[in-house]
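> return atomic coordinates for the entry below.
(one chain, ligands or ions: 2)
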Amino acid sequence: MSQARPPAALTIAGSDSGGAAGLQADLRTFVTCGVHGLVAVTAVTVQNTLGVHDRTDIPANIVAAQIEAVADDMGLQAAKTGMLASAEIIHAVARACDKAGIGRDAEVPFVVDPVAASMHGHPLFDEAGLSALREELLPRATVVTPNLDEVRLLTGIDVTDRDRMREAAVALRDLGPRHVLVKSGHLVEDPECVDVLYDGTTFTELPGPRFATPHTHGAGDAMASALTAGLARGMEMAEAAKFGKWFVSNAVEHSYPMGAKVGPVSAFWRLAPEPSP
Ligand SMILES: Nc1ncnc2c1ncn2[C@@H]1O[C@H](COP(=O)(O)OP(=O)(O)OP(=O)(O)O)[C@@H](O)[C@H]1O
Ligand SMILES: Cc1ncc(CO)c(N)n1
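Ligands and ions are numbered 1, 2, ... in the order given. Prediction:
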């Protein structure tokens, strides 16, 4: 007997051998949010809790071909970017997304997570990549989801409090995305963790407690991919953003130590209990 087809979402992202961030975090999040995950791999990183030790980038034509192959044959309801590795890959992704109907003004919503560095501070693309991101991807984004370091790189604004998060959201929206979601994880002095969504008119606060755990590796990817899963399931942007915040809050609350430094956030909390023997 065949089953109903679940919604599908595509992640265009790098592999994290530590399984905390990158495409592994995105696929795990998609599955636990009821969405079939499609993947276009951009790079393979040699990564653990100590840092990114090496990497190899996938040829840009192969990244584009992965996007086109799954879009043509399988269909998708939302797409997201993570680590894009180089300006060349960004050009190829922009062209492939245009062909596949993924984008701000296209049928399939496009979540651009402007991943610039790993949480250990290792760059995941260079200066040319940053310009390509600003010029080619932000104008195509249905929503862009920067952390505060990425806000500074993209706008020059140093966010020190919630008011400045709003100012940064306005400056980012001027770069072309339909919506902006500024993530607040790095505002460590704030006792709460309130992300801000801006659509050009209204600011929507996404409140949540700040959990006192050091283990937050993959939080950004979990937030953006849960939001993507929400869009794939047909939610409006504000609803999908709230869903993403709810998902990542739980993921941070249930994060666990693993390795010498920062451990991963968890998606285990969403798995159904196993039947008792
Ligand atoms: N200590 C925390 N407690 C609760 N929520 C958190 C905490 N840290 C981060 N978050 C949430 O996790 C998401 C990611 O936020 P953050 O600003 O840390 O992004 P990031 O730097 O891209 O993440 P990453 O750690 O994956 O690099 C946001 O929705 C934020 O509100
Ligand atoms: C592959 C990869 N993508 C994204 C991040 C950022 O969380 C990371 N550390 N590694």
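> roughly how far does residue 232 sit from ligand 2?
20 Å (Cβ to the nearest ligand atom, to the nearest Å). Yep, even glycine has a C-beta here, placed from its N, CA and C like the rest.
> run the contact check for the longest strand along the chain versus ligand 1.
Longest strand in the chain, counting residues (DSSP state E): strand 36-48. No: applying Cβ under 6 Å from any ligand atom, one finds strand 36-48 separated from ligand 1 by no less than 12.2 Å.
> any idea of the mean pLDDT for that strand?
Across strand 36-48, the average pLDDT comes to 97.
> try stretch 194-208
Averaging pLDDT along stretch 194-208 yields 98.
> dump the longest strand of the chain to PDB, keeping only the CA atoms.
The C-alpha trace of strand 36-48 is given here as PDB (Å, rounded to 0.1, in the frame of the first residue of the first chain):
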ATOM      1  CA  HIS A  36      11.400  14.600   3.300                       C
ATOM      2  CA  GLY A  37      15.000  16.000   3.000                       C
ATOM      3  CA  LEU A  38      16.700  16.500  -0.300                       C
ATOM      4  CA  VAL A  39      20.400  17.500  -0.400                       C
ATOM      5  CA  ALA A  40      22.800  19.400  -2.600                       C
ATOM      6  CA  VAL A  41      26.200  19.000  -1.000                       C
ATOM      7  CA  THR A  42      28.500  22.000  -1.400                       C
ATOM      8  CA  ALA A  43      31.600  20.900   0.600                       C
ATOM      9  CA  VAL A  44      32.900  18.200   2.900                       C
ATOM     10  CA  THR A  45      34.400  19.500   6.100                       C
ATOM     11  CA  VAL A  46      36.700  17.600   8.400                       C
ATOM     12  CA  GLN A  47      35.200  18.800  11.700                       C
ATOM     13  CA  ASN A  48      34.800  17.900  15.300                       C
END
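> quick one: it to chain centroid distance?
Relative to the centre of its chain, strand 36-48 is centred 12 Å away, using Cα atoms, centre = their mean, to the nearest Å.
> who in the stretch 1-150 of the chain is up against ligand 1?
Residues of the stretch 1-150 of the chain lying close to ligand 1 (Cβ under 6 Å from any ligand atom) are 21, 119, 147.
> which ones are touching the residue nearest to the first one when sequence neighbours are not counted?
This means residue 21. Closest residue to residue 21 apart from its sequence neighbours, by Cβ to Cβ, 6 or more residues apart in numbering: residue 218 at 4.3 Å. For residue 218, the contact set (Cβ atoms under 8 Å, 6 or more residues apart in numbering) comprises 16, 20-21, 25, 251, 264-265.
> what's around residue 62, how many residues?
Residues lying near residue 62 (other Cβ atoms under 10 Å) number 13.
> confidence score at it?
Listed pLDDT for residue 62 reads 98.
> which strand or helix spans it?
Using DSSP states H and E, residue 62 sits within helix 60-73.
> quick one: that helix to chain centroid distance?
Offset of helix 60-73 from its chain centre (Cα atoms, centre = their mean): 19 Å.
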